[in-house]
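Colleague: Got a sequence here, can you model it:
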Amino acid sequence: MRLALSIVAALVLSYGVALADPVGNYRVAGTNPGGDGKYSGEVAISKTGDTFKVVWDIEGDKYVGTGIGSKDFIAVSYKSGDHTGLALYAEQPDGSWSGFWTYAGGKKIGTERWIKE
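Modeller: Numbering: from 1, shown residues only. You can find the predicted model right below:
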C-alpha cells in the first residue's frame, strides 16, 4: 500500500511542472448522462494555488467545482445543491476543452465542451 501511494505521489508531483491551463471564460454545450437532453451555459475557470475553481452557470443553475490537472487533462469534482459529480476534460487543438461527466453514483455519462469566449 505504501509503495502504491509513493508511486501516485511521484506521478502527481511530476505533473506539477506541466499543468493544464484552462483558466478563462467559456461557453458550455453538453448532453446529460445517457443522452437524455442537451444543455448550454457558461463556465469560468480560475487558478487557486495548485488547483482550479470551476463555476458553471447552466440555465440559471450554479455548479461549483475543484479541478486538478496535467498537461493532458483536467479532472473536476463538483457540487450543486444535493448533486455531486465528477468530470474529466482534455484540451483540444483549437483551445476548447471536451470531456465526460457523471453524477456521484451514476451509471451513465454525459458529454461537455467548453469553447473559449
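
Colleague: Residue 115 reaches residue 98, doesn't it?
Modeller: No: judged on CB atoms under 8 Å, residue 115 makes no contact with residue 98 at a distance of 9.4 Å. Heads up, the C-betas are built off the backbone N, CA and C, glycines and all.

Colleague: does residue 34 sit in a helix, a strand or a coil?
Modeller: Assigned with DSSP: H, G, I helix; E, B strand; the rest coil, residue 34 falls in the helix class.

Colleague: all numbers from here: first residue = 820
Modeller: Renumbered: residue one is now 820, and that last one reads residue 853.

Colleague: which ones are touching it?
Modeller: Shown in contact with residue 853 (CB atoms under 8 Å, 6 or more residues apart in numbering): 927, 929.

Colleague: Now do the strands in this structure.
Modeller: All strands of the chain, identified by DSSP state E, fall at 843-850, 857-867, 870-877, 880-888, 893-899, 902-910, 916-922, 929-935.

Colleague: who's in contact with the residue nearest to the spatial centre of the chain?
Modeller: Nearest to the mean C-alpha position of the chain, counting by CA atoms, centre = their mean, stands residue 895 at 3.7 Å. Contacts for residue 895 (CB under 8 Å, 6+ apart) come out as 871, 873, 884-886, 905-908.

Colleague: Report the beta-bridge partners for residue 910.
Modeller: residue 916 (DSSP bridges).

Colleague: State the pLDDT value of it.
Modeller: Note on residue 910: pLDDT of 93.

Colleague: what about it, how many residues close to it?
Modeller: Neighbour count for residue 910, taken as other CB atoms under 10 Å: 19.
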